[in-house]
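Trainee: Sequence first, then the predicted structure, then my questions.
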Amino acid sequence: MRLYFLFYALCLMACTGYSQLEGLQGPKGEKGEKGDPGDKGSNGVTGIIGTPGQKGKPGVVGMHGDIGPPGLVIMCGRDIFDSVERDVDTLKKTSAKLELAINFKFVRKAGQKYFVSNKDNGSFSKAVEFCSQQGLELALPQSEEENSKLKQLFDEVDKKAWINVKNKKAEGNFEADMNSRPLTFTKWGESQPDKSIQDTGCSMSDNGIWRVTPDCSLNAYIICQL
């Protein structure tokens, strides 16, 4: 029985290549040929779209930016018509002044005012009457510029010209024009208006300086304004 078992064990060892003796390693075999490509795999299945996530919380409000420059002013409706009407009225008044001014021999423009004259001389009453007949007023400068323009009209002919200042001291103390409007500009000379004149006096521009004289019959330059 032992012999049979031993014989069986030897046969088994021979069949499996097992040996108690360490055998020599044989040479490495040659590399085999590359095999044919495998078949193409099938496409994968598309995954299911996930559900949208929840809406996040609002962020913190940012700081206010700098204030931008003002936009263009656009007039509309009645504003446009009012502006046009004012422009038309201004043009009409200017045209009317020019139509009157061309009737005189000499004209000087100062701002929106015109000083006009035919370079005639006369008394104060004659000067007031002449300008009134033309629908105008006796000249009265209301600024340094106007006073200078007035002076240009009579500088080379006569050094004196009547001006439209109230001629009765008791009524206005020479502080208003002939229509009782307060004077907004004056060019009185030294010690003027003359305090010695108690009642009636006439004002004139003497080489650009205003003076009051009690003799209203003097001949002085007649200049009107429009």
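Mentor: Structure's in. What do you need?

Trainee: in this structure, which ranges drop under the pLDDT threshold?
Mentor: 1-26, 41, 44, 47, 71-97, 155-158, 170-173 (pLDDT under 70).

Trainee: all helices for it, in order.
Mentor: 2-16, 78-101, 124-133, 144-154, 169-172 (DSSP state H).

Trainee: How far does the fourth one sit from its chain's centre?
Mentor: In other words, helix 144-154. Chain-centre distance of helix 144-154: 34 Å, with CA atoms, centre = their mean, to the nearest Å.

Trainee: That helix: which residues count as buried?
Mentor: By neighbour count on 16 or more other CB atoms under 10 Å, the buried set for helix 144-154 is E146, N147, K149, L150, K151, L153, F154. The way it works is simple: take the backbone N, C-alpha and C, and place the C-beta from them, glycine included.

Trainee: quick one, what contacts the nearest residue to the first one once chain neighbours are set aside?
Mentor: So the one you mean is E146. Spatial nearest neighbour of E146, chain neighbours left out: A110 (4.3 Å); criterion: CB to CB, 6 or more residues apart in numbering. For A110, the contact set (CB atoms under 8 Å, 6 or more residues apart in numbering) comprises P141, S143, E145, E146, S148, K149, L150.

Trainee: if we go to 6 Å?
Mentor: E145, E146, K149 (CB atoms under 6 Å, 6 or more residues apart in numbering).

Trainee: now the residues you listed as CSV including distance to D177?
Mentor: Below are the contacts of A110 laid out as CSV (distance: CB to CB, whole Å):
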residue, distance to D177
E145, 18
E146, 13
K149, 18
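
Trainee: rewinding a little: which among the buried residues of helix 144-154 gets closest to G122?
Mentor: If you rank those by distance to G122 using CB to CB, F154 comes first, at 12.8 Å.

Trainee: Please report how far that closest one lies from G208.
Mentor: Look at F154 and G208: by CB to CB, to the nearest Å, they are 10 Å apart.

Trainee: List the contacts of A101.
Mentor: V107, Y114, V116.

Trainee: same thing with I163?
Mentor: A139, L140, S203, S205.

Trainee: Not counting its neighbours along the chain, what's nearest the third one?
Mentor: Ranked by CB to CB, 6+ apart and with sequence neighbours excluded, the top spatial neighbour of S203 is V165, at 3.7 Å.

Trainee: what sits opposite that neighbour in the beta ladder?
Mentor: Under the criterion DSSP bridges, V165 forms beta bridges with D177.

Trainee: Next, count neighbours for it.
Mentor: 24 (other CB atoms under 10 Å).

Trainee: same thing with S132?
Mentor: 13.

Trainee: Please list all residues in contact with it.
Mentor: Neighbours of S132 in contact, by CB under 6 Å, 6+ apart: none.

Trainee: ok, now which ones touch F185?
Mentor: Q142, S143.

Trainee: begin at 10 from here
Mentor: OK, 10 is where the count begins now, so the last one is F194.

Trainee: Look up how far L159 lies from it.
Mentor: 12 Å.

Trainee: same check, this time on G38
Mentor: Distance from G38 to L159, by CB to CB: 132 Å.

Trainee: likewise D75?
Mentor: Taken as CB to CB, the span from D75 to L159 is 53 Å.

Trainee: What of N130?
Mentor: With CB to CB as the criterion, N130 and L159 are 15 Å apart.

Trainee: and if you look at Y230?
Mentor: Taking CB to CB, one finds Y230 at 9 Å from L159.
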